[in-house]
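A.B. asks: Provide a 3D model corresponding to the input given below.
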Amino acid sequence: MSLPETLPSPKIGNFAPAKTVFPAPAFPGVLALLRRHGILAGGIAFAAVLVGAYFAYNWNSNTSGTPVTVAVTRGDIENLVTAIGSLQPLNTVDVGAQVSGQLKKLYVKIGDTTKQGDLVADIDSTVAAAKVDADGAQLQNFQALLSDKQSSQLLTSAQADRQTRLKNENATSQDLYDSAQAAMRSAQAQVKALQAQITQAQSTLKADRATLGYANIYAPMTGTVTAIPAKEGQTLNANQQAPTLLTISDLATMTVYTQVSEADVPKLHLGMDAYFTTLGNSNRRYPGTLRQILPTPTVVNNVVLYTALFDVKNPDGMLLPQMTAQVFFVLASAHNVVVVPVGALKYADAGARAGARQPGKPNSAAKAPPRPATVTVVQPSGATETRNVMVGVTNRVDAEIVSGLVPGEKVIAGTQSATSVKTARPAATAAVPAAGAGNFGRGGP
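C.D. replies: Numbers count the residues shown, from 1 in each chain. You can find the predicted model right below:
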């Protein structure tokens with residue numbers, strides 16, 4: 001914008017006052033734009049006030065929720081420790097080979113049921129059979145030599161007796177007498193030596209016959225074949241380590257290997273009830289009793305886990321090795337009792353709410369003594385009443401009411417905000433805009 005100019009004015013006497021004239025703006029639309037922006041700023045401020053009022057209204061309506069009433073019912077309740085486990089057969093045997101040679105024949109396949117003593121595999125026994133034959137021939141040779149030495153022993157014994165009689169009659173020399181006695185003792189020693197060699201040969205033959213028998217593999221127990229790592233025609237070397245031919249498992253009883261967090265281990269004790277469900281059938285429970293807690297933990301991603309074991313029967317064979325099990329250890333339970341949501345209870349102290357054990361007394365599956373609490377009961381007339389109750393078994397959802405309530409009564413279990421009430425019925429709120437849109441689309445009724 002240029003500086004104002006001074007223009008000449010009419011003279012009054014000798015004095016001519018100056019007139020200051022401001023030039024027109026360089027942009028003629030500036031004033032109009034400023035006037036337009038002022039209106040827009042006022043509109044934005046008005047919209048901000050409306051939005052703030054809307055949120056303030058919703059905040060006040062949400063904080064003042066409506067009570068939620070639930071009916072007192074009768075049912076079952078359990079306080080549980082949950083964990084993940086896997087199934088393994090209680091008894092499993094790896095059937096190996098005690099002799100070296102070629103695996104000639106496998107008589108079973110995976111999934112077959114075998115009985116104890118059934119022939120399951122054959123290994124080439126040519127070398128073992130040859131050793132048995134050689135041992136038998138050696139034994140026969142020793143037995144023949146023994147017969148010869150025994151005959152010599154009889155002869156030397158007779159000669160020694162004759163020399164003894166002659167010696168008594170002074171009819172022989174001392175040298176002949178001594179020679180006869182020495183020959184008799186030598187023959188007796190040779191007989192004993194051959195008898196010992198025969199015993200050794202018999203032991204060798206017995207061992208080689210056993211080795212020959214090891215070429216035939218028999219099932220050591222009744223069960224199901226669960227693995228066959230060896231193949232027919234494979235050469236087995238049993239000189240350094242016994243090779244595994246197959247695995248037989250008794251699937252009649254399964255063991256659940258459960259990984260329990262170190263925080264939950266103090267809650268468990270031997271003999272407590274437990275059960276599990278499988279991924280394929282979550283409605284069927286398999287019950288058992290905690291048998292053992294292994295003292296050596298497993299650390300997974302800096303989480304310390306201990307292995308808890310319990311056994312279950314598998315009469316129908318539905319449970320298989322390596323199945324995943326959702327395990328539940330029962331800390332306490334109650335059946336056919338009065339039940340309310342835990343949100344309806346108010347405790348005097350946090351210890352009673354948590355159902356904590358008393359100091360110095362370990363947790364157990366025994367039912368804890370009832371604990372006092374209060375509930376708000378809704379009368380048929382709509383009036384509310386604060387009532388004292390005794391609480392038994394609790395979990396994260398429900399609580400057992402030992403006394404103070406009866407099935408059918410209604411209690412307040414919390415509050416429900418206005419927003420949640422609206423979202424609970426989306427169809428009703430959506431119906432009005434839909435009708436309006438239809439009217440606008442038709443241009444009115």
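A.B. asks: For the stretch 201-350 of the chain, which segments are assigned as strands?
C.D. replies: 216-218, 223-227, 235-236, 244-261, 273-278, 286-293, 298-300, 303-313, 324-341 (DSSP state E, counting those that start in this stretch).
A.B. asks: Does Asp87 lie in a helix or a strand, and which?
C.D. replies: Not quite, residue 87 is Leu, not Asp. Here Leu87 sits within strand 73-96, counting by DSSP states H and E.
A.B. asks: Does anything pack onto the helix or strand that that strand is followed by? Which helices or strands?
C.D. replies: As assigned by DSSP H and E, the chain's next helix or strand after strand 73-96 is strand 101-106. Judged by 3 or more CB pairs under 8 Å, 6 or more residues apart in numbering; DSSP states H and E, strand 101-106 is in contact with strand 119-123, helix 126-168, strand 235-236, strand 244-261. (Each C-beta comes from the backbone N, C-alpha and C, glycine too.)
A.B. asks: CSV for the ones you listed, including mean pLDDT, distance to Val70 and mean neighbour count?
C.D. replies: Converted to CSV, these look like this (pLDDT from 0 to 100; distance: least, CB to CB, whole Å; neighbours: other CB atoms under 10 Å):
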stretch, mean pLDDT, distance to Val70, mean neighbour count
strand 119-123, 95, 62, 19
helix 126-168, 92, 79, 15
strand 235-236, 90, 70, 16
strand 244-261, 95, 32, 20
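A.B. asks: Of all the strands of the stretch 201-350 of the chain, which one comes closest to Leu405?
C.D. replies: strand 324-341 (5.7 Å; CB to CB).
A.B. asks: ok now do the residue most central in space within the chain, which residues does it touch?
C.D. replies: In the chain, the residue lying closest to the centroid (CA atoms, centre = their mean) is Gly85, at 1.5 Å. By CB atoms under 8 Å, 6 or more residues apart in numbering, the residues touching Gly85 are Val256, Tyr257, Thr258, Gln259, Phe276, Ala308, Thr324, Ala325, Val327.
A.B. asks: I'd like the strands of the stretch 201-350 of the chain as TSV, with distance to Thr376 appended.
C.D. replies: Putting the strands of the stretch 201-350 of the chain into TSV (distance: least, CB to CB, whole Å) gives the following:
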stretch	distance to Thr376
strand 216-218	73
strand 223-227	59
strand 235-236	77
strand 244-261	36
strand 273-278	35
strand 286-293	38
strand 298-300	45
strand 303-313	41
strand 324-341	11
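A.B. asks: Tell me which of those strands approaches Ser151 most closely.
C.D. replies: strand 216-218 (42.1 Å).
A.B. asks: Would you mark the buried spots in that closest one?
C.D. replies: Neighbour-count burial for strand 216-218 flags Ile217 (criterion: 16 or more other CB atoms under 10 Å).
A.B. asks: What strands flank that strand, and is each parallel or antiparallel?
C.D. replies: Here strand 216-218 is paired, per DSSP bridges, with strand 119-123 (antiparallel).
A.B. asks: contacting residues around the partner strand?
C.D. replies: In this structure, residues lying in contact with strand 119-123 by CB under 8 Å, 6+ apart are 95, 97, 99, 101-108, 114, 214-219, 225, 230, 236, 245-246.
A.B. asks: now do 6 Å
C.D. replies: Counting contacts by CB atoms under 6 Å, 6 or more residues apart in numbering, the residues outside strand 119-123 that touch it are 99, 101, 103-108, 215-219, 245.
A.B. asks: Also stretch 291-305?
C.D. replies: Residues contacting stretch 291-305 (CB under 6 Å, 6+ apart): Gln259, Glu262, Tyr306, Thr307, Ala308, Leu309, Phe310.
A.B. asks: so where is the stretch 301-445 of the chain shaky, pLDDT-wise?
C.D. replies: Within the stretch 301-445 of the chain, the stretches with pLDDT under 70 are 349-367, 417-445.
A.B. asks: which residues in it form helices?
C.D. replies: 350-354, 418-424, 426-442 (DSSP state H, counting those that start in this stretch).
A.B. asks: follow-up on the earlier one: farthest pair in the contacts of Gly85?
C.D. replies: Ala308 and Thr324, at 15.6 Å, using CB to CB across these.
A.B. asks: And the two? Which one has more around it.
C.D. replies: Neighbour tally, Ala308 and Thr324, criterion other CB atoms under 10 Å: the higher count belongs to Ala308, 26 against 14.
A.B. asks: what's the distance between the closest residue to Thr384 other than its chain neighbours and Thr415?
C.D. replies: Leaving aside its chain neighbours, Thr384 sits nearest to Thr376 (5.3 Å; criterion: CB to CB, 6 or more residues apart in numbering). Thr376 sits 11 Å away from Thr415 when distances are taken as CB to CB, to the nearest Å.
A.B. asks: Neighbour count for the two, which is higher?
C.D. replies: Thr376 (17 against 13).
A.B. asks: My read is that that one contacts Ala413, right?
C.D. replies: No. Applying CB atoms under 6 Å as the test, Thr376 and Ala413 come out as separate, 9.0 Å apart.
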